[in-house]
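>>> Predicted structure and sequence below. I'll ask about it afterward.
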Amino acid sequence: MRNFSDESLYTKGLEQFKKNQLDNSLDFLLSIKKKNLNTLKLISQIYIKQNNLKSAKSFLNKILNLDKRNLFALNYLGDLNKSDRNYLDAEKFYIKLISCDQKFAPAYFNLASLYEDKGELKLAKEHYLKVIEIDSKNYAAFFNLQRIDKNFITYEIFKKIDNNLKNNQNFRDKNIAYGHFILANYYRKKKEINLEIKELTKGHEIFFNSDQTNKKAANYWLETVPKMVSKNFLFKYNKNNKIESNDIEPIFIFGVPRSGTTLIETIITSGKEKIYNAGENIVLQAALQNSQLNKKIQESEKSITFDISFLKKNIIESYKKKLSLQTEKFKFIDRTMSNFFFSEILLEIFPNAKIINCKRDNFHNLVAIYQQCLNNLPWSHKVEDIKKYISFYNNKLSTLKKNYSKNILNVELKNLTEYPEDISKEIMSFCKLNWSEKVLKYYERKDLICTTASNIQIREKIFKYDSSKFLPYKEYFDNF
């Protein structure tokens with residue numbers, strides 16, 4: 001690349017970026033001697049896409065060294081610190097962003113979202129309202145406001161959004177999708193189920209089409225991964241690199257979205273004993289990718305052989321880094337949804353692992369998922385895809401239960417809400433943790449942070465499960 005000028009290197013890097021050839025793009029961009037703001041921005045974006053957050057932060061800070069008021073860098077640094085749970089730093093970056101441009105709506109939105117996750121709902125509402133003041137058609141802000149304040153969407157607001165949507169037929173605009181979800185929620189409250197379903201269908205279709213990667217991602221989780229994990233898993237140990245993990249006691253929470261995973265995670269972490277919380281993460285996926293790159297995985301037509309020593313070392317080191325631990329003996333909780341696909345690997349690495357399988361009536365679960373906009377789950381925008389995912393999950397856990405019964409506890413959401421004390425005691429006992437009344441008073445916690453669709457609901461007491469609210473939907477969905 002010595003013969004290329006900085007300008008031509010940037011052009012070639014940009015071309016590769018547009019083709020999603022990220023590694024090739026980086027090769028060109030990193031070869032540029034004098035990196036200007038545009039080059040640094042593009043490099044930062046690539047590292048963010050590759051989930052290399054450390055390198056992303058480094059180049060974003062280089063942007064700030066050249067331009068202390070750069071909105072792009074401040075916004076992304078806020079987002080990355082938020083994803084790392086560095087909420088104080090994230091808040092500082094968002095506030096700095098607002099001080100640089102008081103009309104920059106994304107800064108208010110991101111700050112409102114941060115406050116919402118922390119349960120500071122009054123501050124969240126104030127900042128979402130500021131977003132709407134700047135951009136009266138920011139339907140994502142309206143969508144979140146209706147979650148905080150159930151009475152926020154008045155008839156007047158509803159009609160205004162409805163009329164605006166009729167005049168905007170952009171079927172690839174994620175913001176328009178949120179408008180349809182708002183209308184769906186309004187109809188749900190009015191018990192006009194047919195109109196609710198109509199708006200949900202529009203919202204999901206537009207949201208799915210708003211990102212061209214959604215189709216590929218949905219296919220990955222519904223076709224590629226299930227096909228891969230249907231093979232026999234074989235484990236190969238390196239005798240010279242044996243790593244013990246008997247003193248590590250992870251608690252993995254499995255479940256389809258809207259099945260009570262957030263509630264159970266919160267109950268477990270609300271006891272008197274401190275338990276490290278890894279939340280949702282990419283530890284397992286990153287370790288598998290690392291193994292693939294280092295040729296530590298061998299795949300044939302019927303089986304996959306893993307170098308378990310290499311994989312175990314990667315996973316344990318990643319958890320220790322994420323949890324800021326030095327000790328070799330610890331207990332932690334992990335609620336990563338996709339972990340269930342590779343449950344045999346986790347149990348091979350952590351023989352003392354506990355798995356809590358969160359269960360809910362299949363039909364109820366289907367409706368509950370479809371009523372939400374789960375923006376990071378591309379398979380959740382089509383009814384048939386949701387059914388497919390739930391069915392695969394149930395089959396996988398049924399097989400797992402046969403082979404690892406002592407490692408698994410099934411928890412029905414309905415039972416948990418009807419008998420919270422009994423079921424919570426069973427959960428804590430299974431996890432070898434002491435039960436106290438604190439676990440059912442989780443909503444009183446000042447440090448409770450929730451980033452899921454349950455982040456409003458989880459701040460209230462457990463309410464009794466209501467099966468009747470799903471009955472009107474029977475005629476609109478095939479029985480499942």
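Perfect, thanks for sending it.
>>> Would you check how far apart Thr451 and Arg85 are?
9 Å (C-beta to C-beta, to the nearest Å). For the C-beta atoms, the positions are set from N, CA and C on the backbone; glycine is no exception.
>>> Need the residues touching each of those two.
Gly279 (C-beta atoms under 8 Å, 6 or more residues apart in numbering).
>>> Please identify the longest strand in this protein, counting by residues.
When the chain is parsed with DSSP state E, its longest strand is strand 248-255.
>>> ok but Phe233 is inside a strand, no?
Yes - with DSSP: H, G, I helix; E, B strand; the rest coil as the criterion, Phe233 is located in a strand.
>>> What sits closest to it if chain neighbours are left out?
Counting by C-beta to C-beta, 6 or more residues apart in numbering, the nearest residue to Phe233 once its immediate chain neighbours are dropped is Glu344, at 5.0 Å.
>>> buried set for the host helix or strand of Tyr76?
Using DSSP states H and E, Tyr76 maps to helix 71-83. For helix 71-83, the neighbour count (16 or more other C-beta atoms under 10 Å) marks Phe72, Ala73, Leu74, Asn75, Tyr76, Leu77, Gly78, Asp79, Leu80, Asn81, Lys82 as buried.
>>> With respect to Tyr404, which of those residues is nearest?
Proximity of the buried residues of helix 71-83 to Tyr404 (C-beta to C-beta) peaks at Lys82, which lies at 35.4 Å.
>>> ok, back up a step: may I have the strands that pair with the longest strand of the chain, each with its orientation?
Sheet pairing of strand 248-255 (DSSP bridges) gives strand 330-334 (parallel), strand 354-359 (parallel).
>>> ok now the last one, how far from the chain's centre?
Distance, stretch centre to chain centre, for strand 354-359: 18 Å (C-alpha atoms, centre = their mean, to the nearest Å).
>>> Downstream of that strand, the next helix or strand is which one?
helix 362-370.
>>> hmm, back to that, in JSON lines, list the buried residues of helix 71-83 along with distance to Tyr389 and pLDDT.
Below are the buried residues of helix 71-83 laid out as JSON lines (distance: C-beta to C-beta, whole Å; pLDDT from 0 to 100):
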{"residue": "Phe72", "distance to Tyr389": "35", "pLDDT": "95"}
{"residue": "Ala73", "distance to Tyr389": "37", "pLDDT": "96"}
{"residue": "Leu74", "distance to Tyr389": "37", "pLDDT": "97"}
{"residue": "Asn75", "distance to Tyr389": "33", "pLDDT": "95"}
{"residue": "Tyr76", "distance to Tyr389": "31", "pLDDT": "96"}
{"residue": "Leu77", "distance to Tyr389": "34", "pLDDT": "97"}
{"residue": "Gly78", "distance to Tyr389": "32", "pLDDT": "96"}
{"residue": "Asp79", "distance to Tyr389": "27", "pLDDT": "94"}
{"residue": "Leu80", "distance to Tyr389": "29", "pLDDT": "94"}
{"residue": "Asn81", "distance to Tyr389": "31", "pLDDT": "93"}
{"residue": "Lys82", "distance to Tyr389": "27", "pLDDT": "92"}
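>>> Redo the residues you listed as a markdown table? Include distance to Asn167.
Output for these, formatted as a markdown table (distance: C-beta to C-beta, whole Å):
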| residue | distance to Asn167 |
| --- | --- |
| Phe72 | 31 |
| Ala73 | 36 |
| Leu74 | 34 |
| Asn75 | 30 |
| Tyr76 | 33 |
| Leu77 | 37 |
| Gly78 | 34 |
| Asp79 | 32 |
| Leu80 | 37 |
| Asn81 | 39 |
| Lys82 | 35 |
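>>> Farthest-apart pair in those residues, please.
Using C-beta to C-beta, the buried residues of helix 71-83 span at most 16.0 Å, a distance reached by Phe72 and Lys82.
>>> coming back round to it: what mean pLDDT does whichever strand or helix holds the residue nearest to Phe233 get?
Assigned by DSSP H and E, Glu344 belongs to helix 343-349. Averaged across helix 343-349, the pLDDT comes to 96.
>>> what packs against that helix?
strand 232-236, strand 248-255, helix 308-322, helix 383-403 (3 or more C-beta pairs under 8 Å, 6 or more residues apart in numbering; DSSP states H and E).
>>> Can you pull up the most central residue in this structure?
Nearest to the mean C-alpha position of the chain, by C-alpha atoms, centre = their mean, lies Asn376 at 5.9 Å.
>>> what helix or strand does that residue sit in?
Per DSSP H and E: nothing holds Asn376, as it lies in no helix or strand.
>>> sorry, back to before: out of the helices and strands packed on helix 343-349, flag the one nearest Glu133.
The closest of those to Glu133 is helix 383-403. By C-beta to C-beta, the value is 36.3 Å.
>>> For the nearest residue to Gln45 once chain neighbours are set aside, grab the count of nearby residues.
In space, and not counting its chain neighbours, Gln45 is closest to Phe17: 7.6 Å by C-beta to C-beta, 6+ apart. As a burial measure, Phe17 scores 20 neighbours (other C-beta atoms under 10 Å).
>>> same question, Arg69
12.
>>> what sits against the residue nearest to it when sequence neighbours are not counted?
Among residues not flanking Arg69 along the chain, Cys100 sits closest, at 4.4 Å (C-beta to C-beta, 6+ apart). Neighbouring residues of Cys100 by C-beta under 8 Å, 6+ apart: Arg69, Leu71, Leu74.
>>> and what of Phe480?
Asn362, Phe363, Leu366, Lys387, Ile390.
>>> what about it, distance to Lys68?
Relative to Lys68, and taking C-beta to C-beta, Phe480 is found at 55 Å.
>>> now swap in Glu249 and tell me
With distances taken as C-beta to C-beta, Glu249 is found 46 Å from Lys68.
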